[in-house]
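S.K.: whatever this is, show me its structure:
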Amino acid sequence: MQMAVDLPGIAKSYYGGTVEPYRPRLPRGHMQGWGFPYEEWPQELKDEYSYNPALAKKLLAEAGYPNGFKTNIVAIVPAI
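M.R.: Predicted coordinates for the structure are as follows:
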């Protein structure tokens, strides 16, 4: 499902380019040694977070959802 989310597009359009499309590290930077900056992620992991709707559809079909599925999403929007 991650490949179906256009993080760069959301960062640019919704947040007006004021945020990075990928988390700088997991967890946040104040917890040194517990996460790795995006630049240090293995390419395989970066690929999993890349926007690739064609591959997302293919993987969903392989998982038994050739027509996708419906769901509800709850999102907390930070105050700006």
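S.K.: how about the helices in this protein?
M.R.: Under the criterion DSSP state H, the chain contains helices at 7-13, 43-49, 53-62.
S.K.: which parts of the longest one are buried?
M.R.: Applying a neighbour-count criterion of 16 or more other Cβ atoms under 10 Å, the buried positions in helix 53-62 are 56-57, 60. Heads up, the C-betas are built off the backbone N, CA and C, glycines and all.
S.K.: okay, and for the chain, where does confidence drop off?
M.R.: Counting by pLDDT under 70, the ranges of the chain that qualify are 23-35, 79-80.
S.K.: please repeat the previous calculation with a cut-off of 80.
M.R.: Residues of the chain meeting the criterion pLDDT under 80: 22-38, 75-80.
S.K.: out of the helices of the chain, flag the one nearest I73.
M.R.: Closest to I73 of those, according to Cβ to Cβ: helix 7-13, at 12.9 Å.
S.K.: list the contacts of the closest one.
M.R.: With Cβ atoms under 8 Å, 6 or more residues apart in numbering as the contact definition, helix 7-13 has outside contacts at 17, 19-22, 49, 51.
S.K.: over to stretch 57-71?
M.R.: Looking at what lies outside stretch 57-71 - Cβ under 8 Å, 6+ apart - the contacts are 3-4.
S.K.: picking that back up, from the contacts of helix 7-13, pick the one nearest P78.
M.R.: For those, the closest approach to P78 (Cβ to Cβ) belongs to V19, at 9.6 Å.
S.K.: tally up the residues packed near the closest one, please.
M.R.: For V19, the neighbour count with other Cβ atoms under 10 Å is 14.
S.K.: can you pull the contacts of it?
M.R.: Under the criterion of Cβ under 8 Å, 6+ apart, the contact list for V19 reads A11.
S.K.: which of the contacts of helix 7-13 sit farthest apart?
M.R.: Taking Cβ to Cβ as the measure, those reach their widest spread between G17 and Y49, a distance of 18.7 Å.
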